[in-house]
Each structure stands twice: as C-alpha cells, then as structure tokens.
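Student: Based on what follows, work out the 3D shape:
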Amino acid sequence: MRPFFVMSLLFGLTFGQTASLCAPSEYTIHVEKQECAYCLAINTTICAGFCMTRDSNGKKLLLKSALSQNVCTYKEMLYQTALIPGCPHHTVPYYSYPVALSCKCGKCNTDYSDCVRERGRTNYCTKPQKLCTM
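Tutor: Residues are numbered from 1 along each chain as shown. As a prediction, the model looks like this:
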C-alpha cells in the first residue's frame, strides 16, 4: 500500500501543474476620471483561470516549499496607454493598463498585480461611454 501512496502523490504533484488552466483572457476595463466627461471602455487581456494549489492538513510536517498557493499571473505583459476623451486641459487624460501576452501559475507579485479582489467594487461606467479599440 505504501508504494501506491507514494506513486499517487508524485503523480498528483506532477499532473497538478500540467492540469492548470491559466491563460490570457479577454476583459473590458471601464476607466473614468471625475474631471473628464466620458468613461472609456478598454478591451484588453488579463490572466485568468485555474491553478492547482497544494494545501495539506499536515502543515506542520511539511516544508513550506511543499505548500503552494499559486495564482494565475502574468508571465509576459506589456503596457498600453489610452486617451480618455472629454478631459479639461489641466487634467492628465492618459490611462496605462497591462496587456497579458502569456500567463503562468505562480506566486502573486504585488509589484504589478492586484492580489486581493476588492469587495463591492464594480466594473462599470457612471458617465457616457466611449469604446477604445486598440
């Protein structure tokens, strides 16, 4: 029984990473500034999907490296800049946003990712909408 358990564990750890479904996904960001007359709807790609995580009931028995809480995050990305229409001259009318080129399952890097989803925040416009197609 012991060899079967070890083989099952190794198979699960190996197959778990290949079974992850993390990939660039189409997403629309709604951007508005209080000073500007319009809301801008920007079509971009973000990293989204399922990543296999490992968490054990025996946390005290395992090394921290054996316990991983992976998220779907950027492997390669670039930033594009859009112009928000209807802004007065004293306002900076530009908005930069990430475009996912490729994704990976890994630790969330707070330098360029929002690792916690805010509750109650919605993605919609309160002003007349303009569509940005880049």
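
Student: how far away is the closest residue to Tyr95 other than its chain neighbours from Leu21?
Tutor: Take Tyr95 and drop its neighbours on the chain: the residue closest to it by C-beta to C-beta, 6 or more residues apart in numbering is Val31, 4.9 Å away. Placement of C-beta: from N, CA and C, glycine included. Counting by C-beta to C-beta, to the nearest Å, the gap between Val31 and Leu21 amounts to 28 Å.

Student: Of the two, which one has the most company?
Tutor: For Val31 versus Leu21, neighbours defined as other C-beta atoms under 10 Å are more numerous around Val31 (17 against 11).

Student: That one and Leu40 touch, don't they?
Tutor: Yes: counting by C-beta atoms under 8 Å, Val31 does reach Leu40; the two are 4.7 Å apart.

Student: hey, what's in contact with both of those two?
Tutor: For the pair Val31 and Leu40, residues contacting each of them under the criterion C-beta atoms under 8 Å, 6 or more residues apart in numbering are Ala82, Ile84, Tyr95.

Student: Paired strands for the helix or strand encompassing Tyr97, with orientation please.
Tutor: Here Tyr97, judged by DSSP states H and E, is contained in strand 94-106. Each strand that strand 94-106 pairs with, and the sense of that pairing, follows from DSSP bridges: strand 71-83 (antiparallel).
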